[in-house]
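Novice: sequence-free structure coming up:
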């Protein structure tokens, strides 16, 4: 695979997965924070509001950083953690059941964490 093809694939994965996560999950949690906070899952006993805050940070803000290609690897870590918790705690590890979305996001962002942002990213422009 050529460098350009790899960078295009990284861009498509980064922007596609980031937008899907941010728009379909993060934005809803952010915009309905007050309604969701009292009944949000609390798998680590840190409080439902704190748990929701961490998930919003991962699903909305970290996803935005991944889309931009800014601090991409660092921003992928909270997303991988959040999706792991969603998959194994909220969905009881059911990869092929109701946990399939969390599993798919986890795999996408784990891939981004390993491969990095590619050439079409702010990380690349900063590190020139």
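Specialist: It's in. The structure presented is a predicted model; accordingly, all values stated were derived computationally and were not measured.

Novice: ok, the closest residue to residue 69 other than its chain neighbours - contacts?
Specialist: Spatial nearest neighbour of residue 69, chain neighbours left out: residue 121 (2.4 Å); criterion: CB to CB, 6 or more residues apart in numbering. Heads up, the C-betas are built off the backbone N, CA and C, glycines and all. Listed by CB atoms under 8 Å, 6 or more residues apart in numbering, the contact set of residue 121 reads 10-11, 14, 68-70, 72.

Novice: now do the lowest-mean-pLDDT helix or strand in the chain: which elements does it pack against?
Specialist: Here the helix or strand of the chain ranked lowest by mean pLDDT, DSSP states H and E is helix 122-126, holding a mean of 90. When contacts are defined as 3 or more CB pairs under 8 Å, 6 or more residues apart in numbering; DSSP states H and E, helix 122-126 sits against none of the other helices and strands.

Novice: may I see the buried residues of it?
Specialist: For helix 122-126, the buried set under the neighbour-count rule, 16 or more other CB atoms under 10 Å, comprises residue 123.

Novice: can you list the residues that contact it?
Specialist: Under the criterion CB under 8 Å, 6+ apart, residues 68-72, 116-118 lie in contact with helix 122-126.
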